[in-house]
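Trainee: coords below, sequence missing:
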């Protein structure tokens, strides 16, 4: 189970959400100065930890825009 947490990645998904709820999510995210996606991810991570589905030390994934990164070594 521990190994599964080391190999986490974001996956694109699609859900149908009531437009009124989506509007509220936009406002809540704006209050937190974050994107709706990040707001949802943060909220559900908190719920999953509180309910015991994830270990308490689980953290959100960092920035992943730009895809997988290669080594920072410079070759001549």
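Mentor: Everything's here; your move. In this text the structure is predicted, and so the values were computed from the model without any measurement.

Trainee: How about residues contacting the top helix by length along the chain?
Mentor: Longest helix in the chain, counting residues (DSSP state H): helix 36-50. Helix 36-50 is contacted from outside by 22, 25-26, 28-29, 32, 34, 54-56, 58, 60, using C-beta atoms under 8 Å, 6 or more residues apart in numbering. (Glycine included, C-beta is placed from N, CA and C.)

Trainee: if we take those residues, which one ends up nearest to residue 10?
Mentor: Of all the contacts of helix 36-50, residue 10 sits closest to residue 60, with 10.1 Å by C-beta to C-beta.

Trainee: The closest one - how many residues pack around it?
Mentor: By other C-beta atoms under 10 Å, the residues close to residue 60 number 10.

Trainee: circling back: from the middle of its chain, how far away would the longest helix of the chain be?
Mentor: Between the centre of helix 36-50 and the centre of its chain there are 7 Å (C-alpha atoms, centre = their mean, to the nearest Å).

Trainee: Any buried residues in it, and which?
Mentor: Using 16 or more other C-beta atoms under 10 Å as the test for burial, helix 36-50 gives 39-40, 45.
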